[in-house]
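**Q** After the sequence you'll find the predicted model.
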Amino acid sequence: MSGKGQRIGYVRVSTIDQNAERQLEGVQLDRLFTDHASGKDTERPHLKALLAYARKGDTIVVHSMDRLARNVDDLRRMVQEQTRRGVRLQFIKENLLFTGEDSPMANLMLTVLGAVGQFERELIRERQREGIALAKQRGVYRGRKRALSPERIAELRARAHAGEKKARLAREFGISRETLYQYLRAAPATEAACSTS
C-alpha cells in the first residue's frame, strides 16, 4: 500500500443514533475520519482534518456524495480542489472515481453537477418568487416597509409629543417601535435643517 498512497475513509452521520460503521462496511481503509453533523452544517472538524491529512496519491473513500458535501456546488468544488492536488475521490454508492486525469466520464459528471447546482439555485429562486406572489395575492406579504411621507412623520411626531402611547402609534402607522424611535430621534436634526434653509 505504501507505493499507492493510503485509502482514507470519511463518514458523516447526522445523529448520534445513526450507525457510522455501516457506511463503509467491508471497505478496506488505512484511516477513517468521522463527523457527527447535519448535511448543512459547515463545522465539520474531521472533514477539515481529513483534507489536511490527505496527500498526493491518496484516495478519499466516501459512502455517497451526500455524505461529503453540503450541496452540489460544494461537492464540485471539493472534487476539483482534491483532484488538482493529486488526491482521488471514490464514492461507493454512485460507483464513481474522480482521479483528476482527463477522463471524459469524470469531466461529464462534474459538468452535470455544475448544471444541477445551477438548476437547484434557479428552483429555489423560482419558489421564492412564487411564494411572494401568492402571499401578495392573499394580502399577507409585507415586504420592506415603505417609509412614511413627511406629512405622516409630522403627524406621528406631534401625536407622540402629545403623549400618545408609542406602541399604539407604531401599530397604527404600520412601523416597528424601533422605526418609530428613529423618526422621533431624527426630528430635531430635520427641523433645524428646515429652519436654516
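**A** Structure's in. What do you need?

**Q** Name the nearest residue to Leu75, ignoring sequence neighbours.
**A** Ala69 (3.5 Å; C-beta to C-beta, 6 or more residues apart in numbering). Backbone N, C-alpha and C define where each C-beta goes, glycine included.

**Q** Give me the neighbour count for that neighbour.
**A** 19 (other C-beta atoms under 10 Å).

**Q** What separation do you get for it and Thr42?
**A** 11 Å (C-beta to C-beta, to the nearest Å).

**Q** Could you do Ile153 as well?
**A** Distance from Ile153 to Thr42, counting by C-beta to C-beta: 43 Å.

**Q** Who are the packing partners of the biggest helix by length in the chain?
**A** Longest among the helix segments of the chain by residue count, using DSSP state H, is helix 104-138. Packed against helix 104-138 by the contact rule (3 or more C-beta pairs under 8 Å, 6 or more residues apart in numbering; DSSP states H and E) you find helix 72-84, strand 96-98.

**Q** Excluding its own residues, what touches the strand or helix carrying Ala154? List them.
**A** If you go by DSSP states H and E, Ala154 is part of helix 150-161. Helix 150-161 is touched from outside by Leu148, Lys166, Leu169, Phe173, Leu180, Tyr183, Leu184, Ala187, with contacts defined as C-beta atoms under 8 Å, 6 or more residues apart in numbering.

**Q** What is the neighbour count of the third one?
**A** Applying the criterion other C-beta under 10 Å, we find 19 residues in the vicinity of Leu169.

**Q** Pull the residues that contact the host helix or strand of it.
**A** Here Leu169 is covered by helix 166-173, with elements defined by DSSP H and E. Helix 166-173 is contacted from outside by Leu148, Arg152, Leu156, Arg159, Ala160, Ser176, Arg177, Thr179, Leu180, Tyr181, using C-beta under 8 Å, 6+ apart.

**Q** What sits closest to Gln6 if chain neighbours are left out?
**A** Asp30 (4.1 Å).
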